[in-house]
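In: The following comprises the amino acid sequence and a computationally predicted model.
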Amino acid sequence: MKTSISTLLKSLAVLLGFCAIFFLQCTESHKTSDNLQHLAGDSESIRGKSIYLNTPYITAGDRVYMVGHQNGTFPDIGWHVTGEMGGIWDHPIKLMDGFTASVTVGDQSACLTKADTFVNFPFANKHIFPTGLPGLKVERFQFVPDGKEAVVVEYTFINNGNEKLEIKFDFNGYTDLRPVWLGEKTNMIDGPDAATWDEASHSWIAKDSLNDWFVMFGAPLAPESHLEKTITCEYKPQGKGISASLQYQLEIKPNASISLPITISGSYESEKNARTTFAETQANAPKLLLAKKERYQSIASKTKLTIPDKNLEQAFRWTKYNTDWLIRDVPEIGRGLSAGAPDYPWWFGADSEYALKGLIATGQPELVKSSVDVVHKLSEKVNGNGRIMHETSTNGAVFNPGNINETPQFTSLIAHVYRWTGDKEFLKRYFPTVKKGLDWLLKENDKDENLLPDGFGMMEIHGMDSEMTDVAAYTQKAFADAAEMAGEMGDSKLAQHYASVASQLRTKINKAFWVPESNSYADFIGTPKQAISLINDAIVRADTLKKPWAVEELKAAKAKITGSSLSTKRGFVVHHNWVVNTPMETGIADSSKALAALQTASRFVNPFGAFVTGIDRDESAGQDESSVAGNNKVFTYTGAVMTLPTGVLAISENNYGRPDAALGYLKRMTKSFSFALPGSIYEVSPDYGMMAQAWNVYSYAYPIVQQFFGIQPFASKKTIRIQPQMPTTWNEASLENVIVGDNEFDYTFGRSGKNLSLDISQNQENWKIVVAFPKGKYKNWQVNGKTVAVKPDGTFDTIEIKGKTNVISVETN
């Protein structure tokens, strides 16, 4: 199999041959190659836009991460803990609000707060500061080592002049040892910080006065001086932290540079741990950086996509990186995918249930399994009845024990992961929770016993807690998936029962939720009284947002309801919420209804994707490609266009045989790629909300890997079904290193005129590959140049192949 995992770079050996401490003993011929950023120099990177220098970035790590602005500052940002979601976090505590730095040449000084360039690497980032001082430029490079409660910040001072420069460098750290959101629920009480100087390590150590929470920062070089309680560069963050500074005298030869790495470590357990991490990270920074770089090369090499659309190809690759940025590892709780940065750095049910269905297709089974474990453990702890929690902070405090949709979605997630891994122990572990959850779903939430649970789904709009479309669709999918899992567990009676419920629900959804006059599935099923209450609220919303078409439509709907004598529950279209597309996402919508509903859905988009709430669309929605963030002074999701609804529409279009329409939605979504943060796609398109969002991997990987390429694994049966439906513009496309169970395969699709070819190689020759195309559409089926007969399978023609390498070709009828 192909692989891009390299051996350690030769530059490591060169670098380790330099001084034991990174700066103090370096020779006079010190060059820019003698620093950390040189080790990242041959990696892919993306430069940010100057207009977005005043927006967030993340230096990602699984234990620690850092959030600041691309211009090099650390403003108070975020709303979950107001103004505290930036800085350096070591969950479940914060370590620092940030830091400032300044340089002085002679009697001229400059604060490093106005970077004119921000460069994002998959595993690190860099700021470039034009100091305004003669001949001096400063670069700041930073990364977080895997598995370490530490961040390394390296300053490189470049003398572009012809004369020696003597500079003073001030580094000022601002501690803020405080608890995570909901800390008070687990008795995490914030106290004032106090700092002490440690001469042996040339570092400051700060402690929270009420807790064994520590942060430590310093460099290998002994400073000329160190001061406590300094305020520099007009930086005054909120909180109970303390500031402390380090001052260095540096000399730079003409046309040369020197580098100084600052190590910042922390611990929420002991000073000893903080010291150990500090020493290990400082001594091994180059090795740790190379290890992280190599791991990201491995991420890129798995499910490696090559397609004609290079923008989409790049976005897909970086979405895999973005997902890794969001890993939260808190050993006392677990290692799992968080929802988003900077305001959702903890664990969610629904977000995980979407994201992990995409992540499993990108070659990360262990991360998927550990993420499932975190969600499951937290849910069992707070509920214990199969109900899946909605949101839990990193201290284990549960904010919401679970919306109704999250329990059936967990069932489908378990089935999906099992199909990809074939891990029977995984299925055995979680199937009891699946059974409990489905039992809870209908016994506790379906008072009228019509198989449609009542309660909040994905739309958290006041009053939308009756029989919701997404809850119904995901419940139907859950029972169908549970039937499959029960069969795998050898319980045929339970499998029949679950299949019967799924069949009944499919019929009911297509009948009860369909609203013919709207060519749409309903937002919800409820009484006319409930509908009028929601319509009244929606009219206020639409009028406030100046959406006259929506006000007119809503008033007409209200008049129709009040003029009707019908008082029974039925389906209503009020908000045109994105969840009305979930019957197409799950594939249970009747084809005629699906095509009509997808046409309706296409009205509620803008150039970046689908509106969360359709009535927020305005007449400029078709053309407006401007910033969203600049139009909002207070954080709100009103008027949002999001990647999840857009991805759901792409999946829905594919389910009904329309890959070109699906690609259209992916292209809309890709317009947001690098719009604000280079290498990332915001939660709200193009530049609002979370700067990195976990469910983006679902919106990309599911439609591309599992629908365009048509990879449908059944790992427990050592079978992979390949049922491609490529967009018409993709005449060549390939995936490399796709992992299914203990198998790994490459797959290249080719199209020339009437001829299609699939080149498939796998490393487990005993696995069966089933190739499927729509019935009667192709002729002259050949495998490795030999004609083969096809077998009918429902609406498909299929062939079965084994062996390590096969080339399949067909000709259009």
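Out: Sure thing, it's come through.
In: in stretch 533-546, what's buried?
Out: Using 16 or more other CB atoms under 10 Å as the test for burial, stretch 533-546 gives 534, 535, 537, 538, 539, 541, 542, 545. All C-beta atoms are positioned from the backbone trio N, CA, C, and that covers glycine.
In: now stretch 712-724
Out: For stretch 712-724, the neighbour count (16+ other CB under 10 Å) marks 712, 713, 714, 715, 718, 719, 720, 721, 722, 723, 724 as buried.
In: Just to check, the first one is in contact with residue 723?
Out: Meaning residue 712. Yes. Applying CB atoms under 8 Å, one finds residue 712 in contact with residue 723, separated by 6.2 Å.
In: which residues touch residue 614?
Out: By CB atoms under 8 Å, 6 or more residues apart in numbering, the contact list for residue 614 reads 575, 576, 577, 578, 603, 604.
In: Spatially nearest residue to the fourth one (excluding sequence neighbours)?
Out: Put plainly, it is residue 578. Nearest non-adjacent residue to residue 578, counting by CB to CB, 6 or more residues apart in numbering: residue 645, 3.5 Å away.
In: helix or strand for the one you found, which one?
Out: Assigning secondary structure by DSSP states H and E places residue 645 in helix 643-655.
In: hey, what's the closest residue in space to residue 159 that isn't next to it in sequence bridged with?
Out: Once flanking residues are discounted, residue 159 sits nearest to residue 252: 4.1 Å by CB to CB, 6+ apart. Beta-bridge partners for residue 252, by DSSP bridges, are residue 165.
In: go on, the one 5 residues further on?
Out: Each beta-bridge partner of residue 257 is listed here: residue 158, as defined by DSSP bridges.
In: Please apply the same query to residue 142.
Out: residue 125, residue 153.
In: any idea how far it lies from residue 156?
Out: 12 Å (CB to CB, to the nearest Å).
In: Quick one: mean pLDDT for stretch 711-726?
Out: What stretch 711-726 shows for mean pLDDT is 98.
In: To clarify, my last question referred to stretch 644-653.
Out: The average of the pLDDT scores along stretch 644-653 is 98.
In: From the rest of the structure, what touches that stretch?
Out: 354, 578, 581-582, 584-585, 594, 598, 601, 605, 608-612, 659, 661-663, 665-666, 668-669, 685, 695-696, 698-700, 702-703, 707.
In: try stretch 752-770
Out: Under CB under 8 Å, 6+ apart, the answer for stretch 752-770 is 1, 717-722, 724, 731, 742-751, 771, 778, 798-812.
In: Name the helix or strand for residue 263, please.
Out: Short version, using DSSP H and E: residue 263 is in strand 256-267.
In: I'd like to know which elements that strand is packed against.
Out: Packed against strand 256-267, as judged by 3 or more CB pairs under 8 Å, 6 or more residues apart in numbering; DSSP states H and E, are the following elements: strand 87-90, strand 93-105, strand 150-159, strand 165-179, strand 214-218, strand 243-252, helix 271-301.
In: Mind checking what helix or strand follows the strand or helix carrying residue 698 in sequence?
Out: Element membership for residue 698, per DSSP H and E: helix 696-701. The helix or strand immediately downstream of helix 696-701 is strand 711-714, counting by DSSP H and E.
In: now the next helix or strand after that following strand: how far from the chain's centre is it?
Out: With elements assigned by DSSP H and E, the helix or strand that comes after strand 711-714 is strand 719-722. Its chain's C-alpha centre and that of strand 719-722 lie 27 Å apart, by CA atoms, centre = their mean, to the nearest Å.
In: List the pairing partners of strand 719-722 within its sheet, with orientation.
Out: strand 711-714 (antiparallel), strand 768-774 (parallel).
In: Could you dump those into TSV and include distance to residue 679?
Out: Shown next, in TSV, are the strands paired with strand 719-722 (distance: least, CB to CB, whole Å):
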stretch	distance to residue 679
strand 711-714	26
strand 768-774	35
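In: Quick check: phi and psi at residue 448.
Out: In terms of degrees, to the nearest 10, the main-chain angles of residue 448 are phi -90, psi 0.
In: Distance check, it against residue 127.
Out: Taken as CB to CB, the span from residue 448 to residue 127 is 59 Å.
In: More neighbours: which of those two?
Out: A direct count of neighbours by other CB atoms under 10 Å for residue 448 and residue 127 places residue 127 higher, at 27 against 9.
In: How about that one, nearest residue that isn't a chain neighbour?
Out: Closest to residue 127 by CB to CB, 6+ apart is residue 115, at 3.9 Å.
In: Now do the helix holding residue 645: distance to the chain's middle.
Out: Relative to the centre of its chain, helix 643-655 is centred 16 Å away, using CA atoms, centre = their mean.
In: now do stretch 37-47
Out: Chain-centre distance of stretch 37-47: 22 Å, with CA atoms, centre = their mean.
In: Can you give me the end-to-end span of it?
Out: 15 Å (CA to CA, to the nearest Å).
In: Can you list the neighbours in contact with it?
Out: Applying CB under 8 Å, 6+ apart, the contact partners of stretch 37-47 are 9, 11-12, 15, 32, 117-124, 126, 139, 141, 143, 154, 156, 286, 289-290, 293, 296, 318, 674, 678-679.
In: Report the separation between residue 438 and residue 357.
Out: On the measure of CB to CB, residue 438 and residue 357 end up 19 Å apart.
In: I should have written residue 129 there, sorry.
Out: Counting by CB to CB, the gap from residue 129 to residue 357 is 42 Å.
In: go on, residue 538?
Out: Counting by CB to CB, the gap from residue 538 to residue 357 is 31 Å.
In: ok, and for stretch 110-121, which residues are buried?
Out: By 16+ other CB under 10 Å, the buried positions in stretch 110-121 come out as 110, 111, 112, 113, 115, 117, 118, 119, 120, 121.
In: Name the nearest residue to residue 670, ignoring sequence neighbours.
Out: Closest residue to residue 670 apart from its sequence neighbours, by CB to CB, 6+ apart: residue 315 at 4.7 Å.
In: Could you turn the buried ones of the contacts of stretch 37-47 into a ChimeraX selection?
Out: Selection of buried members from these for ChimeraX, criterion 16+ other CB under 10 Å:
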select :9,11,12,15,117,118,119,120,121,122,123,124,126,139,141,143,154,156,286,289,290,293,296,318,674,678,679
